[in-house]
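Asks: Just a sequence and a predicted model for now, questions to come.
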Amino acid sequence: MSDDASLTDFVGDATDDEPRDESSTSGDEQAGAEGGRVSPDSVEPAATTAAWSPDGEPCRACGASVSYRWQGEDGLVCPDCKEW
């Protein structure tokens, strides 16, 4: 016999007398806070925190052309203008 464990070593077999919780929630059954479905129109879209451009884009604060820009008070700004 091999040293490999089988699944029944961890969860038992079909003759177990313990009841199993076989309830699951599918994506269609997931509920919002009030127990109903959430309309996609009521969800606020995600905001970007950074942007990358291979050719560079101007920083909204200083105008320097940079590849990586982060969201700052003025919009997308270079690392030098970003308050960390």
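Replies: That came in fine, so what should we check first? Numbering: from 1, shown residues only.
Asks: my guess is Val77 meets Arg60, correct?
Replies: Yes: under the criterion of C-beta atoms under 8 Å, Val77 is in contact with Arg60, at a separation of 5.5 Å. Any C-beta I mention is one placed from the backbone N, CA and C, and that applies to glycine too.
Asks: Touching both of those two, which residues are there?
Replies: Between them, Val77 and Arg60 have Arg69 as joint contacts when contacts are counted by C-beta atoms under 8 Å, 6 or more residues apart in numbering.
Asks: Settle it for me: which of the two has more neighbours?
Replies: With neighbours defined as other C-beta atoms under 10 Å, Val77 and Arg60 compare such that Val77 has more, 21 against 16.
Asks: so what's that one bridging to?
Replies: Counting by DSSP bridges, Val77 forms beta bridges with Trp70.
Asks: can you tell me how far it sits from Pro40?
Replies: Using C-beta to C-beta, to the nearest Å, Val77 is found at 31 Å from Pro40.
Asks: cool, and Cys81?
Replies: 35 Å.
Asks: Look at those two and report which has more neighbours.
Replies: Residue environment comparison for Cys81 versus Pro40 gives the larger neighbour count to Cys81, 19 against 7, counting by other C-beta under 10 Å.
Asks: Enumerate every residue touching the more buried one.
Replies: Taking C-beta under 8 Å, 6+ apart as the criterion, Cys81 is in contact with Cys59, Ala61, Cys62, Gly72, Asp74.
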